[in-house]
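Asks: Using only what follows, build the 3D model:
(one chain, ligands or ions: 2)
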Amino acid sequence: METVKVGLGARSYDVLIGNGLLDRAAAHLARLARDRRLLVVSDQTVWRLLGRRLQAALGHVEAVPILVRPGEESKSWAGLQFVAEQLLGHGVERSDHIVAFGGGVVGDLAGFAAAIVNRGCGFVQVPTTLLAQVDSSVGGKTAINVAAGKNLVGAFHQPSLVLIDPALLDSLDARQVRAGYAEIVKYALIEDPSLFDWLERDRDAVLSGDGEARLRAIAAAVAGKARIVEEDERETSGRRALLNLGHTFGHALEAETGYSDSLLHGEAVALGCVLAFGFSAQRGLCPVEESDRVRRHLAAAGLPTTLASVGLGGGGEKLAAHMQRDKKREGGRTTFILARGIGRAVVDKEVDIADVVTFLDHAD
Ligand SMILES: NC(=O)c1ccc[n+]([C@@H]2O[C@H](COP(=O)([O-])OP(=O)(O)OC[C@H]3O[C@@H](n4cnc5c(N)ncnc54)[C@H](O)[C@@H]3O)[C@@H](O)[C@H]2O)c1
Ligand SMILES: [Zn+2]
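Replies: Ligands and ions are numbered 1, 2, ... in the order given. Sure, this is the predicted structure:
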């Protein structure tokens, strides 16, 4: 088992990563139960597939499920109201720890509910998608989607423990695994070139579910995120903004495709990373060979790497319009995460949006 510590003073916590960890959940969760009960927020699919295993592991502690429909639509005012009312209906107290058991949707929703119910109670993340295991379960960002956009209402609320069992990914479909893989590559591209070298060699082992390879990749990604979050928990110094590599472009792609299943978040991030590196290379910031290497790697992983492949060739103006509505804007300018090379991401607040439009219009 690997342990990654997230050091945030009084809000510090451990991320435990181990194959088969869910089956040992009682060892970590039983002490957080009250009256031999744990309130578990999950989605119907995850609960159907894995609920019995969680309950079996907990033994004499009863898991009380609060279930939402699977999918992004549950991360809404209505979903939040439902979860909050259910938690209160079950008598949740401030000192309680609720369990978020599912993908990023469940983690963000349950985390936000935990942030506001009783003005804040504790919560534990047990992520069940690769994306949630390498990204959303760590770092304390919680949110719902509202009419004005995705993740625009939320709170910073750190979990008190994260339990990651890569074996839970066995039931996840291959496309969701690839989407999560894009976020692992993102960490490598931000500041871990040796992770990128290793992924170039062992990509197929990680994607196909080799236990050791998956554990190593997840632990490296979580350690990368923990380092950055420790230095800039609330994204004030700008360091945490590095985690948005590929996301300024990616969010625009998702918005343009209507946040639909036609382009998953991780797929948008993959193409977004390719675009961020391509743009950096065009500006002379990053060697062209490095940007080509990024594209080759993600393409070989079965992720989209061209605008044409997602039906958005020549769509510079439309994509830029979405970027100008990005919540990461400051003083009317969109912040871009660019790169000097693999593992050398930088924050750039001075990018002229017209240059981005020209670049996108000519990108393939
Ligand atoms: N808070 C953050 O820092 C952060 C970071 C990245 C993404 N996010 C958020 O995460 C969300 C996306 O998360 P996601 O990609 O995990 O999507 P998701 O939670 O919708 O899960 C994807 C699908 O997989 C199913 N599923 C989950 N675990 C499974 C398993 N083990 N076996 C089979 N099926 C399973 C779910 O039921 C769902 O249908 C977005 O809302 C995004 O905004 C948050
Ligand atoms: Zn992401």
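Asks: Check whether stretch 236-249 comes near ligand 1.
Replies: No. Between stretch 236-249 and ligand 1, judged by Cβ under 6 Å from any ligand atom, nothing touches; the nearest distance is 8.1 Å. Placement of C-beta: from N, CA and C, glycine included.
Asks: Go through that stretch and flag the buried ones.
Replies: Within stretch 236-249, the residues that count as buried by 16 or more other Cβ atoms under 10 Å are 239-249.
Asks: what's near enough to touch the nearest residue to residue 144 once chain neighbours are set aside?
Replies: The shortest distance from residue 144 to any non-neighbouring residue, by Cβ to Cβ, 6 or more residues apart in numbering, is to residue 75 (4.9 Å). The neighbourhood of residue 75, defined by Cβ atoms under 8 Å, 6 or more residues apart in numbering, consists of 105, 108-109, 143-145.
Asks: try it again with 10 Å
Replies: By Cβ atoms under 10 Å, 6 or more residues apart in numbering, the contact set of residue 75 is 68, 104-109, 112, 142-146, 150-151, 154.
Asks: same deal with residue 149?
Replies: Per Cβ under 10 Å, 6+ apart, neighbours of residue 149: 251, 255, 259, 322, 325-327.
Asks: Output those residues in JSON lines, with secondary structure and neighbour count appended to each entry.
Replies: Converted to JSON lines, the contacts of residue 149 look like this (DSSP: H, G, I helix; E, B strand; the rest coil; neighbours: other Cβ atoms under 10 Å):
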{"residue": "251", "secondary structure": "helix", "neighbour count": "26"}
{"residue": "255", "secondary structure": "helix", "neighbour count": "19"}
{"residue": "259", "secondary structure": "coil", "neighbour count": "18"}
{"residue": "322", "secondary structure": "helix", "neighbour count": "19"}
{"residue": "325", "secondary structure": "coil", "neighbour count": "13"}
{"residue": "326", "secondary structure": "coil", "neighbour count": "17"}
{"residue": "327", "secondary structure": "coil", "neighbour count": "10"}
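Asks: Now distance to ligand 1 too, for those residues, in JSON lines please.
Replies: Output for those, formatted as JSON lines (distance: Cβ to the nearest ligand atom, whole Å):
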{"residue": "251", "distance to ligand 1": "10"}
{"residue": "255", "distance to ligand 1": "13"}
{"residue": "259", "distance to ligand 1": "9"}
{"residue": "322", "distance to ligand 1": "15"}
{"residue": "325", "distance to ligand 1": "16"}
{"residue": "326", "distance to ligand 1": "14"}
{"residue": "327", "distance to ligand 1": "12"}
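Asks: any idea where the strands of the stretch 1-150 of the chain begin and end?
Replies: Per DSSP state E, counting those that start in this stretch, the stretch 1-150 of the chain carries strands over the ranges 2-6, 13-17, 37-43, 62-68, 97-102, 122-127, 141-146, 149-156.
Asks: Wondering if the third one reaches ligand 1 at all.
Replies: Yes. Applying Cβ under 6 Å from any ligand atom, one finds strand 37-43 in contact with ligand 1 at residue 43.
Asks: which SSE is the closest residue to residue 250 other than its chain neighbours in?
Replies: Leaving aside its sequence neighbours, residue 250 sits nearest to residue 272 (Cβ to Cβ, 6+ apart; 3.1 Å). Using DSSP states H and E, residue 272 maps to helix 265-282.
Asks: Tell me the one of the buried residues of stretch 236-249 nearest ligand 1?
Replies: Of all the buried residues of stretch 236-249, residue 243 has the smallest distance to ligand 1: 8.1 Å, by Cβ to the nearest ligand atom.
Asks: Quick check: chain neighbours aside, which residue is closest to that closest one?
Replies: residue 228 (6.0 Å).
Asks: State the helix or strand in which the one you found lies.
Replies: Using DSSP H and E, residue 228 maps to helix 211-231.
Asks: Make sure residue 355 is actually in contact with residue 280.
Replies: No. Between residue 355 and residue 280 there is no contact under Cβ atoms under 10 Å: 11.7 Å.
Asks: Quick check: neighbours shared by the two?
Replies: With Cβ under 10 Å, 6+ apart, residue 355 and residue 280 have common neighbours residue 336.
Asks: more neighbours, the two?
Replies: Using other Cβ atoms under 10 Å as the criterion, residue 355 and residue 280 rank with residue 280 on top: 26 against 14.
Asks: which of the strands of the stretch 1-150 of the chain is buried the deepest?
Replies: With neighbours defined as mean count of other Cβ atoms under 10 Å, the strands of the stretch 1-150 of the chain peak in mean count at strand 97-102, which reaches a mean of 28.
Asks: now the contacts of residue 149 as CSV including distance to residue 188 and pLDDT?
Replies: Below are these laid out as CSV (distance: Cβ to Cβ, whole Å; pLDDT from 0 to 100):
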residue, distance to residue 188, pLDDT
251, 21, 94
255, 26, 93
259, 26, 87
322, 26, 92
325, 29, 81
326, 24, 71
327, 25, 66
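Asks: Out of the residues you listed, the closest to residue 171 would be?
Replies: Set against residue 171, the nearest of the contacts of residue 149 by Cβ to Cβ is residue 259 (23.9 Å).
Asks: thought that closest one was touching residue 150?
Replies: Yes. Under the criterion of Cβ under 10 Å, residue 259 makes contact with residue 150 at 6.8 Å.
Asks: tell me, what's touching those two both at once?
Replies: By Cβ under 10 Å, 6+ apart, the residues touching both residue 259 and residue 150 are 72, 251, 265.
Asks: what sits against the first one?
Replies: Under the criterion of Cβ under 10 Å, 6+ apart, the neighbours of residue 72 are 79, 103-105, 108, 145, 150, 259-261, 265.
Asks: Perfect, I'm done here.
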